[in-house]
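Build me a model from this:
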Amino acid sequence: MEPLAGVVLAAGLGTRLRPLTHLRPKALCPVGNVALVDLAIGHVRGVTGDVAVNVHAHRDQMLAHLGAAGVHLSVEEPQPLGTAGALGRLRDWIAGRPVLVHNADVWHRADVAGHLVAGWDGRRMRLLAVPAPPGAGDFGELVYAGVCLLPWAAVGNLAAEPSGLYEVLWRQADQEGNLDLVRYCGPWFDTGTPASYLAANLAASGGESVIAPDARVGDGAEVVRSVVWPGAEVQPGERLVEQIRAPGGVTVDACGDTWGK
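Numbering: from 1, shown residues only. Coordinates of the predicted model:
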């Protein structure tokens, strides 16, 4: 098998996380005080050192954050290109190699090298998948977990236009029985909603609130199962319970259903 190219998909608008994503892109939202995009890059670099990241939302913030990360940057303008279009735009950079794709907005503790890459035949598209709630599966009882392996034969014909991998590649391959689904049953969260974003933070911290080192928590304040972002403040005597506090006093309630386990 040819050496892998790694691609982290980080261009999404993060509409479900607003107003948090009015302040920063979803890929820079921290889990356990580490930006989601950095966590994803870390997973990919456990397999390959050649990594590309696509950016669109809050472009300037993303470019500043990733400037010293040693990754290839793919800027998508005037609109994000989706999961398939992003790979189409990176086709010349991928240059015939198979690709490890990792969504920036999923949090997990899977061993990507051992659980997904090991034993891959290099021919079939291989997807990490997790059990889904009844009726919510992408593939029977399983839902895509945001990490996959794609052979060059699948990537080489993708166009640099807005499109999704499920619609362009996976739906037909699944109908034909040509998808290789690898079940993962460990901790995993799609961080796209406040509730699942909070749940990922609590999973990362072992159930404790996550407070950024430079956040200010006033005397007598109580922070319970919550997240306090860098530069944010909790006023003296204030009580946060299952909430996310961002700079400028932005506060988001995060109780409710989570997507993950």
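
Next, count neighbours for L39.
21 (other C-beta atoms under 10 Å). (C-beta placed from N, C-alpha, C; glycine too.)

Would you list the phi and psi of it?
L39 adopts backbone torsions of phi -60, psi -40, taken as degrees, to the nearest 10.

can I assume it is in contact with W107?
Yes. In this structure, L39 is within contact of W107 by C-beta atoms under 8 Å, at 6.7 Å.

Now for those two: what residues contact both?
Overlap of the contact sets of L39 and W107 (by C-beta atoms under 8 Å, 6 or more residues apart in numbering) consists of V31.

For H56, list the residues it contacts.
Neighbour list for H56: A11, G12, L13, V75, E76, E77, Q79, P80 [criterion: C-beta under 8 Å, 6+ apart].

if I read this right, the last one contacts L13, doesn't it?
Yes. Taking C-beta under 8 Å as the contact criterion, P80 and L13 are neighbours in contact, 6.8 Å apart.

For these two, list the residues in contact with both.
Residues within reach of P80 and of L13 at once, by C-beta under 8 Å, 6+ apart, are H56, A57.

and G256, what pLDDT?
According to the prediction, G256 has pLDDT 63.

circling back: can you lay out the contacts of H56 as JSON lines showing secondary structure, neighbour count and pLDDT?
JSON lines is the format used below for these (DSSP: H, G, I helix; E, B strand; the rest coil; neighbours: other C-beta atoms under 10 Å; pLDDT from 0 to 100):
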{"residue": "A11", "secondary structure": "coil", "neighbour count": "26", "pLDDT": "96"}
{"residue": "G12", "secondary structure": "coil", "neighbour count": "22", "pLDDT": "90"}
{"residue": "L13", "secondary structure": "coil", "neighbour count": "15", "pLDDT": "89"}
{"residue": "V75", "secondary structure": "strand", "neighbour count": "13", "pLDDT": "96"}
{"residue": "E76", "secondary structure": "coil", "neighbour count": "19", "pLDDT": "94"}
{"residue": "E77", "secondary structure": "coil", "neighbour count": "9", "pLDDT": "95"}
{"residue": "Q79", "secondary structure": "coil", "neighbour count": "12", "pLDDT": "94"}
{"residue": "P80", "secondary structure": "coil", "neighbour count": "19", "pLDDT": "95"}
